[in-house]
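Chemist: Predicted model and sequence below, questions to follow.
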Number of protein chains: 2
Amino acid sequence: MTTPLNETGPNPSTSIVNAMHDTSRIKHTFLAAKVMPAAQAASLIQDGMVVGASGFTRSGDSKAVLAAFAEKAEHDHTRITLMTGASLGQGTDGALATAGAIAMRLPFQSDPVMRTIINEGKLSYIDENLSETAAHIRNGFLPPIDIAIVEAACIEADGSIVPTTSVGNSAIFVQQAKQVIVEINQAIPLEIRGIHDVFLPEDPTGRAILPITDVWQRIGQDVIACDPQKIAAIVFTNQKDSPAETASGNAAAEAIAGHLLQFFNREMAAGRLTPALRPIQAGIGKIADAVLGGLAQGDFEHLTMYSEVLQDSTFQLIDSGKMDFASGSSMTLSDQCYQRVFADFDRYRHKIVLRPQDITNAAEVIQRLGIIAINTALECDIYGNVNSSHIAGSQIVNGIGGSADFAQNSYLSIFVTESVTKGGKISRIVPMVTHVDHSEHDVDVIVTEQGLADLRGLSPRQKAETILEHCVHPDYHEELSGYFERACRRGGHTPHLLEEAFRLHTNLAQTGSMKTQVLESI
Amino acid sequence: MTTPLNETGPNPSTSIVNAMHDTSRIKHTFLAAKVMPAAQAASLIQDGMVVGASGFTRSGDSKAVLAAFAEKAEHDHTRITLMTGASLGQGTDGALATAGAIAMRLPFQSDPVMRTIINEGKLSYIDENLSETAAHIRNGFLPPIDIAIVEAACIEADGSIVPTTSVGNSAIFVQQAKQVIVEINQAIPLEIRGIHDVFLPEDPTGRAILPITDVWQRIGQDVIACDPQKIAAIVFTNQKDSPAETASGNAAAEAIAGHLLQFFNREMAAGRLTPALRPIQAGIGKIADAVLGGLAQGDFEHLTMYSEVLQDSTFQLIDSGKMDFASGSSMTLSDQCYQRVFADFDRYRHKIVLRPQDITNAAEVIQRLGIIAINTALECDIYGNVNSSHIAGSQIVNGIGGSADFAQNSYLSIFVTESVTKGGKISRIVPMVTHVDHSEHDVDVIVTEQGLADLRGLSPRQKAETILEHCVHPDYHEELSGYFERACRRGGHTPHLLEEAFRLHTNLAQTGSMKTQVLESI
């Protein structure tokens, strides 16, 4: 329900706007009348509503209204469906889940509190490929959006919204929502305007050609178009994004990076890659950081990125002169990097672009650009299937995110993981993964600190031999190669022994370790 | 190694060309000199070579040279890598496998003899997404092609090849091969020229925009360009494709079709579909046939198809006036339909097009056109994951084919299967599939003769409830819902009990039936 604006002039209530609010960030004449406290804006959110909120990898998310809604819901037991771009910062998802405010959450979250409540079956979660949510909304496969909540740097004279540090699904939310709540974040410098490229297909039932043929190519507008009549509330905030969780690298991460850089060198020697490689997509985490850090050291040049998230390492590569351009859907930075980037933003503005996630993760563009995708596996099996999301096939960690969008469509799909974890009690290479996010068809290379398995052009049995030779931790080599040999004796294209395919996992559940001798010693 | 043509005039050996050979099908002046018997052409294929042969769903395949090569290999133990479009007819794959002539086969096969040898581990098979082989060749991820063998209707004056009933990977094979063997099949009427649309990206390292925005749009040439210097042999044949294996529908197939047609009607009532539906992709088989047959009866009109295979049902829909246009990579028809179509080919030529399989199965085009994909599952699990290829996780049946290309990128991804098989001893709905070809993210609808589960917008637990309610056979309902309830008590986003996830399968291996009571009665 659109609340019509008072077209005759500013509403008297604007006089109560806090003097700390920089109302020059609202360039539309009458919209200043819509400024209100977060709690008042949150009261627009009613039981059963579907809310689409900005935020992608903890960037550009609602800082005030969702938090105020969590407080309200704790008292009035309002429950909503909450869609976002991806994960939220500020502990917002945890607060909402604790308040019982969420009936359904999609397409991604990474909050430990919400994760627990999801795994308890108390909160329905749709873990979606990040490219797909916009299409599912457009196609009517998801319920219509009542309210969009979007963080903005400012509102233009025509009502258009200038996003902040992410685009995510904000444009489709604003387009489809009946009402829009804008959070103007004064902590975001206005210089951010211009780094966004917002493209929405013109035909709502079909999909246009996405004419991106180079990472730096712009195909849309630098703002999110918004009918000012739909803006029901404006809330001022002054709060930075939650900083990126920077995990310092370890020896295993360095070893993985080393194997991968050697692989790139071999591919260059074979004439399949140049020193510019191909546009890179990298997931978040210490291994990806170590790999990108390694690129700064090697003989690489004119690198580009076509990824979801621009991280510290992206800006380090730009600073070192190794990276020419980076396209993403968000910037998720440490405090230190954030300050450096925004202190000298003109240095970066022509080298980055933030796009909607159905564009950053579009199969069409990923295939056309020939991306090198580097993502983290939770576990891999000996045939090259990858689990990115579930422990013991049951407990979700975060979700599939954009990993399948990239793995399925990239030029090279690389998965990295340490060969063991929990002090060696868990092997990340197993006979059969307990949950498949990426089938062997979408996995070209697996790298652990032990080595690199190049799976291209191999049959399943050949893949197993390569993974066993290069990737498995020595403590698990006998167990895994024994499984493979016995399975091969029974036969099959992809030999398995179903009665013991999950023995490592059941060992772990029973004894606290996957290692068989621990079981036998009981 | 290209064998240079004798540019001074026809080779004297052309005089031995069989009088039955219609040499007017060779319009290039000097190429008649390359006509030879199949055995002589097969002798060009040497040990260790990589051969790319035409053929897709048993259509447009080599009728003579591969068979002659199988005979030769039986004596001289030559072994090759054989790539095709998809499956071959004529028992060729079986003969080659029996002769021990194949070291590596890709990307698809469906021959029962070859299947057995693959499952015995004696023949390496790469089961690939059908869209991907051309890119893998172009990128150098597969070994370079020595010889292409392509069935043709005729050779044009510039050496271009007019394909027959399939395009498959023939264009990339001809482009990349050092030598080309052409089989001119005189059983194919010359009227076939013009139904092909052959597009190869101009940039060999990248991928061009594929500007198809309607199923009937042509973006390429109607022939396969070929340097006549590369044509090392021409063999005449006069043999039809192996006819389609037409399985007559049964009550289960009819019931599945009925559920699906009701679903389409509900989608039309909800305004998400029109009577033209969306372009349809359908796998091969009696269920897909029953569904397409049902479309001829309902209130549908101006239907289109963007699929891999044009089948009898495609032409029935064209004949009934319900289907305006069909795009595929091959025509795989029964003898009766084949005769009907070629007896009056002008009636159909403007309503069909055959394209390379990296175009029919391109993510970009499938997404843009908004395909309704209907594929057959071998087994589904209660969370909506689908196995299309492996029995007991180990024994391959055929392969993934194009099912993932379509399931991942379609507007609606539908999987059909009977709820049980082998007289009820096998439930096709299981707690956990033993092999994942399509993750729950790529499966929108599952249909059995019991009913239809619409999985859109549901969490994993909700998907399980829907599948249990609508798709499971009554004989297995208690077993499967018991598993789900116990797993939910243990918890998780996707609750599983790893120690018994494959109990139905181990029951089957031990007792010949998945049913638990059979086990208990022992």
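Modeler: Sure thing, it's come through.
Chemist: lowest confidence element among the helices and strands of chain A?
Modeler: Among the helices and strands of chain A, helix A:516-520 carries the lowest confidence by mean pLDDT, DSSP states H and E, at a mean of 54.
Chemist: Would you check how far apart residue A:151 and residue A:68 are?
Modeler: 14 Å (CB to CB, to the nearest Å). Yep, even glycine has a C-beta here, placed from its N, CA and C like the rest.
Chemist: How about residue A:60?
Modeler: Here residue A:60 is placed at a distance of 18 Å from residue A:68 (CB to CB).
Chemist: neighbour count winner among those two?
Modeler: The neighbour comparison of residue A:60 against residue A:68 (other CB atoms under 10 Å in any protein chain shown) goes to residue A:60, with 33 against 19.
Chemist: Need the pLDDT of the more buried one.
Modeler: Note on residue A:60: pLDDT of 98.
Chemist: how many other residues sit next to the residue lying closest to it once chain neighbours are set aside?
Modeler: Spatial nearest neighbour of residue A:60, chain neighbours left out: residue A:166 (3.3 Å); criterion: CB to CB, 6 or more residues apart in numbering or on different chains. Residue A:166 has 32 neighbours, counted by other CB under 10 Å.
Chemist: What of residue A:339?
Modeler: A count of nearby residues for residue A:339, using other CB under 10 Å, gives 12.
Chemist: Would you confirm that it belongs to a helix?
Modeler: Yes - checked against DSSP: H, G, I helix; E, B strand; the rest coil, residue A:339 lies within a helix.
Chemist: gap between it and residue B:499?
Modeler: Residue A:339 is 52 Å from residue B:499, where distance means CB to CB.
Chemist: again, but for residue A:147
Modeler: Residue A:147 is 45 Å from residue B:499, by CB to CB.
Chemist: low-confidence ranges in the stretch 301-450 of chain A?
Modeler: Within the stretch 301-450 of chain A, not a single segment meets pLDDT under 70.
Chemist: In the helix or strand encompassing residue A:507, which of the residues would be classed as buried?
Modeler: Element membership for residue A:507, per DSSP states H and E: helix A:503-511. Buried residues in helix A:503-511, counted by 16 or more other CB atoms under 10 Å in any protein chain shown: A:503, A:504, A:505, A:506, A:507, A:508, A:511.
Chemist: out of residue A:147 and residue B:499, which sits in the busier spot?
Modeler: In terms of neighbours (other CB under 10 Å), residue A:147 is the more surrounded of residue A:147 and residue B:499; the figures are 26 against 13.
Chemist: was I right about the more buried one contacting residue A:42?
Modeler: No - in this structure, residue A:147 is not within contact of residue A:42 by CB atoms under 8 Å, at 10.0 Å.
Chemist: and the residue of the stretch 401-522 of chain A found nearest chain B, what is it in contact with?
Modeler: The nearest approach of the stretch 401-522 of chain A to chain B comes at residue A:492, 3.0 Å away (CB to the nearest CB). Applying CB atoms under 8 Å, 6 or more residues apart in numbering or on different chains, we find residue A:492 in contact with B:119, B:121, B:390, B:392, B:393, B:394, B:395, B:396.
Chemist: hang on, residue A:141 packs against residue B:455?
Modeler: No - Residue A:141 is not in contact with residue B:455 according to CB under 8 Å; the separation is 10.0 Å.
Chemist: list residues touching both of these two?
Modeler: Jointly contacting residue A:141 and residue B:455 under the rule CB under 8 Å, 6+ apart are residue B:444.
Chemist: the more surrounded of these two?
Modeler: More crowded of residue A:141 and residue B:455, by other CB under 10 Å: residue B:455, with 22 against 17.
Chemist: Next one: that one from residue B:439, what distance?
Modeler: The gap separating residue B:455 from residue B:439 is 12 Å, by CB to CB.
Chemist: Same check on residue A:267?
Modeler: Residue A:267 sits at a distance of 29 Å from residue B:439 (criterion: CB to CB).
Chemist: Residue A:67: what's it in contact with?
Modeler: Counting by CB under 8 Å, 6+ apart, residue A:67 has contacts A:38, A:90, A:92, A:95.
Chemist: Let me know whether my guess that it is in a strand holds.
Modeler: No - looking at residue A:67 with three-state DSSP, it is helix, so not inside a strand.
Chemist: Thanks again, I'm all set now.
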